[in-house]
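**Student:** model this:
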Amino acid sequence: MQEPRLFTLDEALALLPRLREILANLRQAREAIANAQRVLDERYQGGHRTNGHVKPGGEVDRLMGTTEEARNALTAAVRSIGELGCELKDPDRGMVDFRTMRDGHVVYLCWLMDEPTIAFWHELEGGFRGRQPL
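**Tutor:** Now for the predicted structure:
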């Protein structure tokens, strides 16, 4: 198993444009899955009765295809973040951590996709609530 990558602040900052793109794709994929699932639930499990008969090649197949494509895009986004050496901590908020050295031990630089820059760090076990300004 490969050692986790350690970033300098400048190295982590340089990845933010790429991470914003990846996280936007991840968010879109998650929304597509949720929307398709909502339609399937509403039309085929809830308010609309199908009498057990759903036409092949119809809306259900289209929605299932959309869901499969979105799941593949989601998997690719998560993989891309990992390949950069970052750690996706919360896909809903677009939270990414970067391991770095601070005062002689490994900590995380912590960033949310809606933040303009990396401005916080926390201990490895500290989590988001343990964030402190750089």
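**Student:** check which helix or strand covers Val39.
**Tutor:** Taking DSSP states H and E as the criterion, the element that holds Val39 is helix 9-41.
**Student:** what's the mean pLDDT across that helix?
**Tutor:** Averaging pLDDT along helix 9-41 gives 93.
**Student:** with stretch 70-80 instead?
**Tutor:** For stretch 70-80, the per-residue pLDDT values average out at 94.
**Student:** chain center to that stretch, what's the gap?
**Tutor:** Computed by CA atoms, centre = their mean, to the nearest Å, the separation of stretch 70-80 from the middle of its chain amounts to 8 Å.
**Student:** ok, back up a step: for the helix holding Val39, what is the distance to the chain centroid?
**Tutor:** Computed by CA atoms, centre = their mean, the chain-centroid distance of helix 9-41 equals 5 Å.
**Student:** now do stretch 105-113
**Tutor:** The chain centroid and the centroid of stretch 105-113 are separated by 16 Å under CA atoms, centre = their mean.
**Student:** what's that stretch in contact with?
**Tutor:** Taking contacts as CB atoms under 8 Å, 6 or more residues apart in numbering, the residues outside stretch 105-113 that touch it are 6-7, 9, 12, 16, 19-20, 23-24, 87, 89, 93-101, 117-118, 120-124, 126, 128, 131, 134. C-beta here means a position set from N, CA and C on the backbone, and glycine is covered the same way.
**Student:** among the residues you listed, name the ones in strands.
**Tutor:** Secondary structure of the contacts of stretch 105-113 is defined by DSSP state E; positions in strands are 87, 89, 95-101, 120-123.
**Student:** among those, which ones are buried?
**Tutor:** 87, 89, 95-100, 120-122 (16 or more other CB atoms under 10 Å).
**Student:** re the thing from before, right, and the pair among the ones in strands among the contacts of stretch 105-113 with maximum separation?
**Tutor:** The two members of the ones in strands among the contacts of stretch 105-113 with the most space between them (CB to CB) are Met95 and Met101, at 20.8 Å.
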